[in-house]
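>>> structure of the sequence below:
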Amino acid sequence: MQMIENKNFSRRKSVLQHPFSAFLLLGLFLSILQIIAIVTDGEWPRTSVINGFATVMIYAIVGYGFSFLLGYAGLASLGTAGFVGFGAYFTAYFLQANMPYIPYVVIMIAALVLSILLGLAVGFISLRIEGIFLAIVTLGISEVFYQLFNSWMPVTGGPNGARISEYPVFQSLLSMSPADSKRAFYFVLVVVNVLLMMLTYNLGKSRTGRAMLAMKNSSSAAQAMGISLLKYRLLAFLLSTAYAVLAGVLFMSYNRNTLPGNYNIMLSLNILAVVLIGGSRSLLGTFVGSFIVFGITPILFQNISFLNENAWIINVIIGIIIILIVMFYPGGLVQLFGSLKAQVLKLFRQRRGNPQQETAEPAEESNGEKANLESISAIRAQIAQELNSFGQQARNTGPGATRVAAADALPSDVILRLENLSMIFGGLKAVDNLTFDVKQREIFGLIGPNGAGKTTVFNCITQFYKPTGGNILYRTEDGQVIRLNDCQVHDIISLGIVRTFQNVEVIGELSILENLLIAAHAQCRTGLLKQAFNTRSVRLEEKHLREHAEKVIDYCGLTAVKDLHPVGQPYGVLKRVELARTLMAGAKLIILDEPAAGLNEQETMELTQLIHDIQRDFGVTIFLVEHDMGLVMNICDHICAISFGKKLAYGTPREIQNDRVVQEAYLGTREYSEEAQDVQHA
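Residues are numbered from 1 along each chain as shown. Next up is the predicted model:
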């Protein structure tokens, strides 16, 4: 009996802790305010307060959409006001007395469809630039909208604005009084507000939200994990646009009149302030931010004559609040409350005499030199059997990839071939007619002095750089031979090629477990609408991915830190996170760019063992660049040595060690140095 009661208590606790509970409570609070106003016939709360909360809800909706742009994708737009105005004027035009026969829902859907088309056009123009330039371009777009609103008299009414005679649906169809219609429409605002909070939360927690965060934190890692930067930037822009247009429709429907001055640059700046104050990814924070920016005056200060006569004082106060939050709590109010909560919990633990460690220590790696690498390797072999049972979804060959004719196909034991690969930057030959093969299921090393062009070779293979000349041929899992030169960088992972980076590229705003989920992005199949409504197929897909990620985490010895964020973790842990991502992606060719860089001797030993185990347990090909010659000679089957972009030697580790040209390239001779300079500037 006690067990059942504990289980029910845990279930109730988890329900109450879910963000949806907070969203529903907010909706209940807003609804109760209107119910009380109806019962008291407007005595309390006054009509100005109700209208103030309606305004807060409308602009909070704009903020929810803007959070995709700023909070997830890391893009700053100043064109939001124009799209809000578009929604308002579009609604006014079709709800005017001369077109009463058009259903309201049709108008709303048409506005959203047109907003998507308009957003696509604007997005393709503006989203190929970033930073301050994007803000300037979208500011120009907002000004174009404003001039149209102010000057297009037949459609917008010009400086006099637009007006509709009846509230949609409630007055026009149900014949309710204007006062009752406005009260009813307030409840529509509450329902839409809560619903959009839920949908936005679902999208933020889905693979779409993770992809946008990856793009924001590291565009290189995002592309390597199969995320198209243009696609997800455009998606964030379209979501922001759709929310803004919907808010404009609701604004016009509730207020029944509007003016061009409502949609100038100040509205865009106020929306930016709303999101910054509340927290760029906090929905409740965004609502509070909307209350501070748009609701303080009508809700709290409406009856204070001094503030009504000196409205600038409120604007100054809001400005000071924004400055203080950005300076001390750039994460917004959500960061402030999180910091206060942490301090309270810390004080509580100290008083109870139960201090808690703030960081987790990895399990096996904390043992340092005492760790038995052989026993860990045996455990990994067992976990690998379970991982292999998960299986991988069928891979595509990547859009635009060119299949090579059978006569030109690679030998059956070769997975990657570079044919006369060249990469020229201006007048500098970073890679010069480089040719070599990488065989199936081997560990292959590419070595050379600093500046030899090793990382450039990797960037050419993974299409971060488009080669100036030559071919890069790759054999897929199903035996087809693909010319990688024709692929896009975000398509490479779909072919089974996954890379790490010389400087560790992890997603700081995601946990280590979520970093692994990013690596499975290309394997996911559920669409945007299913993610927004968190359908059963989405939940099953997420459950499968998390189970897979848990196994990979166990394999790589990251269990103790899986729920922590990568920021502040030891470098050795971060290197293993990158390796774990390659396993999560189901790689067949793993490209490691200086995996041992920055590691101490013990960490290097552990990483070497992990690389060996991955090759053994999953039958993958590993292609690495490394300056630690002990590691390279220890684990590689074949090595290619290059200098100034040209191949010096190719062979087994022993052959490379004994090669005179390689020795001269590393140790240096007068003759070699002069020859290399001539080659570089040829």
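
>>> list the contacts for residue 294?
Residue 294 is in contact with 52, 55-56, 59, 270, 274, counting by Cβ atoms under 8 Å, 6 or more residues apart in numbering. Quick note: C-beta positions are derived from backbone N, CA and C, even for glycine.

>>> 7 Å instead?
55-56, 59 (Cβ atoms under 7 Å, 6 or more residues apart in numbering).

>>> against residue 267, how distant is it?
10 Å (Cβ to Cβ, to the nearest Å).

>>> do the same with residue 592
From residue 592 across to residue 267, the span is 49 Å (Cβ to Cβ).

>>> with residue 389 instead?
From residue 389 to residue 267 the distance is 55 Å (Cβ to Cβ).

>>> those two: who's more crowded?
residue 267 (23 against 8; other Cβ atoms under 10 Å).

>>> sec struct for the more buried one, please.
Counting by DSSP: H, G, I helix; E, B strand; the rest coil, the backbone at residue 267 sits in helix.

>>> burial count for the nearest residue to it once chain neighbours are set aside?
Leaving aside its sequence neighbours, residue 267 sits nearest to residue 81 (Cβ to Cβ, 6 or more residues apart in numbering; 3.8 Å). By other Cβ under 10 Å, 29 other residues sit near residue 81.

>>> next: residue 345.
11.

>>> that one: which element?
Under the criterion of DSSP states H and E, residue 345 resides in helix 333-352.

>>> in that helix, what's buried?
333-337 (16 or more other Cβ atoms under 10 Å).

>>> please apply the same query to stretch 264-282.
264, 267-282.

>>> same check on stretch 545-557?
So for stretch 545-557, counting by 16+ other Cβ under 10 Å, buried means 545, 548-549, 551-557.

>>> among those residues, which lie within helices?
Within the buried residues of stretch 545-557, residues falling in helices by DSSP state H are 545, 548-549, 551-555.

>>> what's next to stretch 417-430, contact-wise?
In contact with stretch 417-430 (Cβ under 7 Å, 6+ apart) are residues 410, 431-437, 453, 456, 460, 465, 467-473, 645, 680, 682.

>>> backbone dihedrals for the closest residue to residue 567 other than its chain neighbours, please?
Leaving aside its sequence neighbours, residue 567 sits nearest to residue 508 (Cβ to Cβ, 6+ apart; 4.7 Å). Backbone torsions of residue 508, given as degrees, to the nearest 10, read phi -60, psi -30.

>>> which residues touch residue 508?
Going by Cβ under 7 Å, 6+ apart, the list of residues near residue 508 reads 217, 565-567.

>>> JSON lines for those residues, including neighbour count, secondary structure and distance to residue 25?
Formatted as JSON lines, the contacts of residue 508 follow (neighbours: other Cβ atoms under 10 Å; DSSP: H, G, I helix; E, B strand; the rest coil; distance: Cβ to Cβ, whole Å):
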{"residue": "217", "neighbour count": "19", "secondary structure": "helix", "distance to residue 25": "32"}
{"residue": "565", "neighbour count": "16", "secondary structure": "coil", "distance to residue 25": "29"}
{"residue": "566", "neighbour count": "21", "secondary structure": "coil", "distance to residue 25": "34"}
{"residue": "567", "neighbour count": "10", "secondary structure": "coil", "distance to residue 25": "32"}
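
>>> just those now: which is nearest residue 486?
Of all these, residue 217 has the smallest distance to residue 486: 28.8 Å, by Cβ to Cβ.

>>> just the buried members of the contacts of residue 294?
Listed as buried from those are 55-56, 59; burial here means 16+ other Cβ under 10 Å.

>>> per the annotation, how does the chain divide into domains?
43-301, 402-680 (automatic domain parsing).

>>> pipe these into a markdown table and attach distance to residue 30 and mean pLDDT per row.
Converted to a markdown table, the domains of the chain look like this (distance: least, Cβ to Cβ, whole Å; pLDDT from 0 to 100):
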| stretch | distance to residue 30 | mean pLDDT |
| --- | --- | --- |
| domain 43-301 | 5 | 93 |
| domain 402-680 | 22 | 91 |
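
>>> which of those domains sits most buried?
domain 43-301 (a mean of 21; mean count of other Cβ atoms under 10 Å).

>>> measure that domain end to end?
17 Å (Cα to Cα, to the nearest Å).

>>> where do the helices sit along the stretch 251-400 of the chain?
Residue ranges of the helices in the stretch 251-400 of the chain, as given by DSSP state H, counting those that start in this stretch, are 265-278, 283-290, 296-300, 305-309, 312-328, 333-352, 373-390.

>>> could you export those as TSV, including distance to residue 620?
Listed next are these as TSV, based on distance: least, Cβ to Cβ, whole Å:
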stretch	distance to residue 620
helix 265-278	43
helix 283-290	41
helix 296-300	59
helix 305-309	68
helix 312-328	46
helix 333-352	41
helix 373-390	11
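
>>> what strand or helix carries the residue nearest to residue 511 when sequence neighbours are not counted?
Using Cβ to Cβ, 6+ apart and skipping the chain neighbours, the partner closest in space to residue 511 is residue 563 (5.4 Å). Residue 563 is part of no helix or strand when elements are defined by DSSP H and E.

>>> phi and psi next, for residue 563.
phi -90, psi 0.

>>> and residue 18, by the same measure?
According to degrees, to the nearest 10, residue 18 has phi -70, psi 140.

>>> that one: how many residues sit nearby?
The burial count for residue 18: 12, using other Cβ under 10 Å.

>>> can you check the one 3 residues further on too?
Taking other Cβ under 10 Å as the criterion, the count of residues near residue 21 is 12.

>>> now do the strand or helix carrying it: everything it contacts.
Per DSSP H and E, residue 21 falls inside helix 19-39. If you take Cβ under 7 Å, 6+ apart as the criterion, helix 19-39 is touched by 15, 44-45, 50, 53, 183, 186-187, 190, 193-194, 197-198, 201, 284, 287.

>>> so where do the strands sit in this protein?
Listed in chain order, the strands of the chain (DSSP state E) span 162-163, 257-258, 402-403, 414-425, 428-439, 443-447, 469-475, 481-483, 497-499, 589-593, 621-625, 638-643, 646-651.

>>> show me what the second one is packed against.
Applying 3 or more Cβ pairs under 7 Å, 6 or more residues apart in numbering; DSSP states H and E, one finds that strand 257-258 contacts strand 162-163.

>>> repeat that with 8 Å
Judged by 3 or more Cβ pairs under 8 Å, 6 or more residues apart in numbering; DSSP states H and E, the packing partners of strand 257-258 are helix 80-95, strand 162-163.

>>> tilt between the longest one and helix 265-278?
Here helix 80-95 points in a direction 120 degrees away from that of helix 265-278 (axes from the mean of the first three to the mean of the last three Cα atoms, to 10 degrees).

>>> which other helices and strands does helix 80-95 contact?
Under the contact rule (3+ Cβ pairs under 8 Å, 6+ apart), helix 80-95 is packed against helix 47-67, helix 104-126, helix 131-151, helix 153-156, strand 162-163, helix 229-255, strand 257-258, helix 265-278.
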